Structure formats: C-alpha cells, structure tokens
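Trainee: compute the structure for the input listed below.
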Amino acid sequence: MSSAVAKTPTQERERRVMSGWVILPITVLLYIAGPVLLALAFINGTKTASNGMQPVWALFVAAIVAILVAALLSPGFFALQPNEARVLILFGDYRGTAKQGGFCWGTRSTATGRRRSPSASPSGPKRRTRAATSRTRHSPRSSNATRSACAPAP
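Mentor: Just a heads-up that it's a prediction; the model follows:
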C-alpha cells in the first residue's frame, strides 16, 4: 500500500509585478529595431564572387536577438481591474498573487496564471444552482420556415 502524502494548504503570497508601461516602450523598440537591423545587415553587407550578398553578421545576429527578446517579453503583459487578482504560476506551482490593479507585466512563465475575483470564498468554488427555466413549446401550426435557426427542435 502506498502512504498518502498530507498536503499543507497553500498560503497566499502577494507578489508585486512591474508596471506594464515601463516594459511596453522597450518591447515596441525591440520590435522596430529587429527589422531595421536586419535590413541594415544586408544593405551594408558585402558582395560575394557569385554576385550574392553576405550580410554583416553582427547586425544580423543582433536583429534576431532583438526580435526573440521582444517575442519573449510580449506574453507577460496583463491588465487587472480594481478588486481583481491574478494567480502567478510557474510550471504548475503557485508563486504568488498579483493584486495591484492596472496594466502590469510579469515574467512570461508566471504571468500566465488564472484570474480570480477577491470575492471567491477561500474554501473553494461556490456551488451553482440551476435556475428553473421555462421552455416554450412551439405550436404544431408553426412551420419550419418561420422558426429561428437557433430555436430548439420540438
């Protein structure tokens, strides 16, 4: 028999995340600089003996790095409304909760957590009750041509 491992409840840890307005101009500049550096690498390149273009490799590598860094920074942006929180998760493990509202940026790996409202009970999700709904029955005189496309079949 395998012994059951007792899990201790997770304590909520509030984490501060960076303002998205600080990282946004950096990301935009990297998205602009990448293609510009790539174009400059070929414009300032040298011609080979077979009339081909050899790029300036330093500019070419800098362009690729700029585009990759911008692509890695982009998924970290998120916005939180007042009285809203975001759970920060790294590889499935809880890392903290971002509670400050506004336009925020967290690392790509932790900013992909789920949102939750602070009104959620700490004991778990609320039990949903199904409200009584009345179904309207179609009269036998109605034709298929007059029914809505979304109307349920009788």
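Trainee: Val87 versus Thr97, what's the distance?
Mentor: With distances taken as CB to CB, to the nearest Å, Thr97 is found 6 Å from Val87. (C-beta placed from N, C-alpha, C; glycine too.)
Trainee: next one: Ala49
Mentor: Ala49 is 59 Å from Val87, by CB to CB.
Trainee: same question, Ala71
Mentor: 24 Å.
Trainee: between the two, tell me which one has more neighbours.
Mentor: Val87 (17 against 14; other CB atoms under 10 Å).
Trainee: quick one: that one is in a strand?
Mentor: Yes: assessed by DSSP: H, G, I helix; E, B strand; the rest coil, Val87 belongs to a strand.
Trainee: got a list of contacts for the helix or strand hosting Leu40?
Mentor: Leu40 is part of helix 20-43 when elements are defined by DSSP states H and E. Residues outside helix 20-43 that contact it (CB atoms under 8 Å, 6 or more residues apart in numbering) are 53, 55-57, 59-60, 62-64, 66-67, 69-70, 73-74, 76-79, 102-105.
Trainee: give me that answer again for 6 Å
Mentor: Contacts with helix 20-43, where a contact means CB atoms under 6 Å, 6 or more residues apart in numbering, come from 53, 55-56, 59-60, 62-63, 66-67, 69-70, 73, 77, 103-105.
Trainee: from those residues, list just the buried residues.
Mentor: Taking 16 or more other CB atoms under 10 Å as the criterion, what is buried in the contacts of helix 20-43 is 55-56, 59-60, 62-63, 66-67, 69-70, 73, 77, 104-105.
Trainee: out of these, list just those in helices.
Mentor: If you go by DSSP state H, the buried ones among the contacts of helix 20-43 have Leu59, Phe60, Ala62, Ala63, Ala66, Ile67, Val69, Ala70, Leu73 in helices.
Trainee: just those residues now: which is nearest Glu14?
Mentor: Relative to Glu14, the closest of these is Leu73; by CB to CB it sits at 23.5 Å.
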